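1. Structural data only, the sequence is not supplied:
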């Protein structure tokens, strides 16, 4: 884990320096992903250059808030809270029929709106907290929790998030709890995904890193229905992992241009 820690710490330092900034800002949810990123950021930049903001909604669990506070205390970070309930409820006043999914996505985008506004106030880069498993499965909100200036853990699976968190001293209460986006009472990641992170990581490693086919993965002992579910989630969420397409009508597309 030491090598991985060093690589991610160096990545954070380079991204911040190359962009001409000194500080980073992140949303601290009380979950393991944002906790790990906070630890990495402090290791890379020092606590004086890391801003962590809690953004609870009225249905957020007290446990999540307490776990976020554990991270703040352990790292010596300033306790900052911006309540998103008034913002979210103002929109849904005339949207009473909105589903849990719509509400959850809106909460995620509201939090990112807050972070990017605060980043302008603090002259800080927004640092991402989505891991490789979530990104590949599409388990994230486009322009919500998936939005950031850069992401240090986007290429490590959930199992590595757990391992690196243990290595870096993230509080065990956070490491051992059931992963949840805490969007509504009783919500858990694995319940929504329909499979465990352990299953997802093992199948994704074979599918993405080892380039194995469906038949090869099934032959290795995995249930075909579960493998198919993972493959379909990866395919269906491909658009989330790409820059938005722009019709090219001239010789040079602006996004392609560089000095």
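-> Great, that's in hand. Please read all numbers here as calculations on a predicted model, not as lab measurements.

2. Which of the helices and strands in the protein ranks last by mean pLDDT?
-> helix 189-193 (a mean of 73; mean pLDDT, DSSP states H and E).

3. neighbours of residue 11, just the number please.
-> 17 (other CB atoms under 10 Å). Bear in mind the C-beta positions are built from the backbone N, C-alpha and C, glycine included.

4. returning to that earlier point: distance from the chain centre to the least confident helix or strand of the chain, please.
-> Mean-position distance between helix 189-193 and its chain equals 15 Å (CA atoms, centre = their mean, to the nearest Å).

5. so where do the strands sit in the stretch 1-150 of the chain?
-> Along the stretch 1-150 of the chain, counting by DSSP state E, counting those that start in this stretch, strands occupy 23-27, 50-54, 80-81, 124-126.

6. Enumerate residues external to the third one that contact any of its residues.
-> Spelled out, that is strand 80-81. By CB atoms under 8 Å, 6 or more residues apart in numbering, the surrounding residues in contact with strand 80-81 are 51, 52, 53, 54, 55, 56.

7. Of these, which is the most crowded?
-> When neighbours are counted by other CB under 10 Å, residue 52 leads those with 26 neighbours.

8. what about that residue, distance to residue 33?
-> 13 Å (CB to CB, to the nearest Å).

9. dump the residue contacts of the nearest residue to residue 9 once chain neighbours are set aside.
-> Spatial nearest neighbour of residue 9, chain neighbours left out: residue 44 (4.4 Å); criterion: CB to CB, 6 or more residues apart in numbering. Applying CB under 8 Å, 6+ apart, we find residue 44 in contact with 8, 9, 10, 12, 13, 16.

10. do the same with residue 52
-> Counting by CB under 8 Å, 6+ apart, the residues that residue 52 touches are 25-28, 34, 38, 68, 71-72, 75, 77-78, 80.

11. Now do the helix or strand containing residue 232, average pLDDT.
-> If you go by DSSP states H and E, residue 232 is part of helix 224-236. Averaging pLDDT along helix 224-236 yields 93.

12. cool, and stretch 110-126?
-> Averaged over stretch 110-126, pLDDT sits at 98.
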